[in-house]
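Undergrad: compute the structure for the input listed below.
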Amino acid sequence: MQLTVNSTALKNMQKKVFIKSFGCQMNEYDSAKIADLLAMAHGFITTENPDNADLIVLNTCSIREKASEKVFSDLGRLRSLKKKNPNLILAVGGCVSVQEQTNIFQRAPYVNIVFGPQTLHRLPKMYERACKKEKRIIDTSSPQIEKFDYLPPPSQTGPIAYVSIIEGCNKFCSYCIVPYTRGREVSRKMDDIISEVKNLIAKGAKEINLLGQTVNAYYDSTNNSNLSTLIHEIAKMVDIKRIRFTTSHPAEFTDDLFNVFANEPKLVNHIHLPVQSGSNRILKLMRRGYTSEEYQDIITKLRKIRPNIVVSTDFIVGFPTETDEDFAATMDIVQKINFDASFTFIYSPRPNTPAAKMEDNITLSQKKERLSILQNQLGIQTRQHSKNMIGTIQKILVTDHAKKYPDQFSGRTESNRIVNFIGSENILGKIVGVKITEALTNSLRGELYE
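TA: Next up is the predicted model:
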């Protein structure tokens, strides 16, 4: 007698994991790897609904203010699910897990697992222990780059893929907690990165985004390779059409990077280079390792090589002791560089950082006012950059159907702007020419150009 298998019933029998990722692209990358690990080890499939999950993973970030409280708030909402399903396993990973450690168990005793950014590869084993009713499983150690030896090939990807090439940070900016939660800089071997890129190509990747807290500090001592070497090697792969990297640090912007912008056409015409402040006094207090003039010199050199390069950045306003003159210097560099886009934040003290010990003498209302002024000016510049694109032909990597317009397709320019336009299924995953016809608040519209 031949048995038939109901695929829907089989899928319903599989274990489901709900993963919520906080923060940066590094965390998004780690979350994807967690899903792959759990699928390989225990057959988990991901779900968008925590109500029907067998395992819930919060992959946390501690960069922003009150990050820990936001995590505990989420855990509070999950408590009812745990009561309904005592077999549900709750795991907290990422930077907050390192920062809070055993405090998570004290404030949320129903949590089963706490793990760090460098021990996510051990989660399948920790899950097995939790299923055996072992309580308060914790591993927030920093075993260098070990985790990459255990990560499986990517199960799936789209035209745009992300690859982590360096973990941790050595900069110890006075306001930043990353070196304390993700550890010191450790670069992956270039051969391992190339192997991952090849696997991503097999899954349809056309653009590779190289990731790191300080990505341009990448260095593989086994073959004397740096970020520029890696970019050139990836560019040799015919199927890869675009390469980008984030986040870079001005103090690590060496001559070889200028050369790769000059000589490698697959490297996109876009750079995200955080400046944080236009005031040299504040930059020194931040321990950023460069001056406003040195930052501007980098951009000047890049624009000589690529006159149309698009520059985005990060700003922190309201850093301790920031004066009106310091903020005016920030507004000055905004005007001079004419940034295309920016992430802007109000300063908030992070635990155990040097800046947290400084007198925070700026009121919240002052911080909000400065943030509003900064964002308004940056918004004007961003909108003008978008308007300037109207009538131009942009190379668009087509990634998906448009979210709001099912009959349209969506893709990204080299400057990472979203463009929606009418096309056909055969253009998915390809780079096509699109004439920009309209600039909207968060996207562009265009027409397929042949």
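Undergrad: where does pLDDT dip in the chain?
TA: Filtered on pLDDT under 70, the chain yields the residue ranges 1-13, 65, 144-145, 156.
Undergrad: and the helices in it?
TA: Here the chain has its helices, by DSSP state H, at 7-13, 25-42, 67-84, 95-100, 102-107, 123-131, 178-181, 190-202, 227-235, 255-263, 280-286, 292-305, 324-337, 364-389.
Undergrad: buried residues in the second one, which are they?
TA: Looking back up the chat, that one is helix 25-42. Residues 26-27, 29-39, 42 are the ones in helix 25-42 that count as buried (16 or more other CB atoms under 10 Å). Where C-beta positions appear, they are placed from N, C-alpha and C, glycine not excepted.
Undergrad: how about the last one?
TA: Within helix 364-389, the residues that count as buried by 16+ other CB under 10 Å are 366-367, 370-371, 374, 377-378, 381-382, 385-386, 389.
Undergrad: of all the buried residues of helix 25-42, which two lie farthest apart?
TA: Met26 and His42 (24.4 Å; CB to CB).
Undergrad: using JSON lines, lay out the buried residues of helix 25-42 together with distance to Cys173.
TA: Output for the buried residues of helix 25-42, formatted as JSON lines (distance: CB to CB, whole Å):
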{"residue": "Met26", "distance to Cys173": "16"}
{"residue": "Asn27", "distance to Cys173": "19"}
{"residue": "Tyr29", "distance to Cys173": "22"}
{"residue": "Asp30", "distance to Cys173": "22"}
{"residue": "Ser31", "distance to Cys173": "25"}
{"residue": "Ala32", "distance to Cys173": "27"}
{"residue": "Lys33", "distance to Cys173": "26"}
{"residue": "Ile34", "distance to Cys173": "28"}
{"residue": "Ala35", "distance to Cys173": "31"}
{"residue": "Asp36", "distance to Cys173": "32"}
{"residue": "Leu37", "distance to Cys173": "31"}
{"residue": "Leu38", "distance to Cys173": "34"}
{"residue": "Ala39", "distance to Cys173": "37"}
{"residue": "His42", "distance to Cys173": "39"}
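Undergrad: looking at these, spot the one nearest Met190.
TA: Closest to Met190, out of all of the buried residues of helix 25-42 and judged by CB to CB, is Tyr29, at 17.7 Å.
Undergrad: surely the closest one touches Tyr162?
TA: Yes. Applying CB atoms under 8 Å as the test, Tyr29 and Tyr162 come out as touching, 4.8 Å apart.
Undergrad: shared neighbours, these two?
TA: Leu211 (CB atoms under 8 Å, 6 or more residues apart in numbering).
Undergrad: and Ile422, how far from Ser415?
TA: Per CB to CB, to the nearest Å, Ile422 is found 22 Å from Ser415.
Undergrad: more crowded one of those two?
TA: Counted by other CB atoms under 10 Å, Ile422 and Ser415 do not tie: Ser415 has more neighbours, with 20 against 13.
Undergrad: ok, the more buried one touching Val311?
TA: No. If you go by CB under 8 Å, Ser415 and Val311 don't touch, sitting 9.3 Å apart.
Undergrad: what's the overlap in contacts for the two?
TA: Both Ser415 and Val311 are contacted by 270, 340, under the criterion CB under 8 Å, 6+ apart.
Undergrad: who touches Ala341 in this structure?
TA: For Ala341, the contact set (CB under 8 Å, 6+ apart) comprises 312, 378, 382, 385.
Undergrad: and for the closest residue to Leu37 other than its chain neighbours, the neighbour number?
TA: In this structure, Leu37 finds its nearest non-sequential neighbour in Pro124, 5.7 Å apart by CB to CB, 6 or more residues apart in numbering. Pro124 is flanked by 17 other residues according to other CB under 10 Å.
Undergrad: what does Lys83 give?
TA: Counted with other CB under 10 Å, the neighbours of Lys83 add up to 10.
Undergrad: same check, this time on Glu100
TA: Neighbours around Glu100, by other CB under 10 Å: 23.
Undergrad: distance of it relative to Tyr175?
TA: Counting by CB to CB, the gap from Glu100 to Tyr175 is 19 Å.
Undergrad: same question for Leu123.
TA: Leu123 is 30 Å from Tyr175, by CB to CB.
Undergrad: which residues touch Val317?
TA: Listed by CB under 8 Å, 6+ apart, the contact partners of Val317 are 327, 330, 344-347, 367, 370-371, 374.
Undergrad: now do the contacts for the closest residue in space to it that isn't next to it in sequence.
TA: Spatial nearest neighbour of Val317, excluding adjacent residues (CB to CB, 6+ apart): Arg370 at 4.5 Å. Residues near Arg370 by CB under 8 Å, 6+ apart: 317-318, 322, 327.
Undergrad: go on, Glu100?
TA: Glu100 sits next to 68, 71 when contact means CB under 8 Å, 6+ apart.
Undergrad: got it, and Asn87?
TA: So Asn87 contacts Asp54 (CB under 8 Å, 6+ apart).
Undergrad: returning to that earlier point: and which of the contacts of Val317 is nearest Pro50?
TA: Of the contacts of Val317, the one sitting nearest to Pro50 (CB to CB) turns out to be Phe345, at 28.4 Å.
Undergrad: neighbours around the closest one, how many?
TA: 18.
Undergrad: give me the neighbour count for the residue nearest to it when sequence neighbours are not counted.
TA: Leaving aside its sequence neighbours, Phe345 sits nearest to Ile316 (CB to CB, 6+ apart; 5.3 Å). Residues contacting Ile316 under the criterion other CB under 10 Å number 25.
Undergrad: would you confirm that Ile316 contacts Tyr347?
TA: Yes. Judged on CB under 8 Å, Ile316 makes contact with Tyr347 at a distance of 5.1 Å.
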